[in-house]
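Novice: heads up, no residue letters with this:
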């Protein structure tokens, strides 16, 4: 005998968000590991590549820190690693991505694309729009919490 009990959709909460984030990040990190680059290195390199103008090391660290909420000292080390790997190069006071850095990001994107299509494919546009609105609100509220003075 089968029952036709209604199914309840999972509720979006901090745990569900974290599980989705870490699962998707793990897919990316598997690809990054094959290329010898870490997640923070990839985020930092992408920030340098997509910047409208060359950035100083401190400007790049500040931009990535806002995204990753990571320790600036650790991000300075990440910038140094990218310089040592010749994925970034110093040009006076500014950092510029090298051709190798750009090629690495292109290769990673090409490798991740099929998995990304499998993960995101088939999700209705309305669901994606609703999730986008919720995630933007959660981000806004969490950033407000981080900016609030602590007692």
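Specialist: Perfect, thanks for sending it. Small disclaimer: the values here were computed from a predicted structure and weren't measured.
Novice: alpha carbons only for contacts and neighbour counts from here, please
Specialist: Will do.
Novice: what helix or strand is the residue nearest in space to the middle of the chain on?
Specialist: Nearest to the mean C-alpha position of the chain, by C-alpha atoms, centre = their mean, lies residue 43 at 5.9 Å. Per DSSP states H and E, residue 43 falls inside helix 39-50.
Novice: next helix or strand past that helix?
Specialist: Next element after helix 39-50 (DSSP H and E): helix 57-68.
Novice: packing partners for that following helix?
Specialist: Counting contacts by 3 or more C-alpha pairs under 8 Å, 6 or more residues apart in numbering; DSSP states H and E, helix 57-68 packs against helix 39-50, helix 72-84.
Novice: now, of the ones you listed, which is deepest in the fold?
Specialist: Most buried of the helices and strands packed on helix 57-68 by mean neighbour count (mean count of other C-alpha atoms under 10 Å) is helix 39-50; its value is a mean of 19.
Novice: relative to helix 72-84, how tilted is that one?
Specialist: 70 degrees (axes from the mean of the first three to the mean of the last three C-alpha atoms, to 10 degrees).
Novice: can you list contacts of helix 39-50?
Specialist: 29, 32, 54-55, 60-61, 63-64, 75, 78-79, 81-82, 87-88, 95-97, 101-102, 105 (C-alpha atoms under 8 Å, 6 or more residues apart in numbering).
Novice: please repeat the previous calculation with a cut-off of 7 Å.
Specialist: For helix 39-50, the surrounding residues in contact (C-alpha atoms under 7 Å, 6 or more residues apart in numbering) are 29, 60, 64, 78, 82, 96-97, 102.
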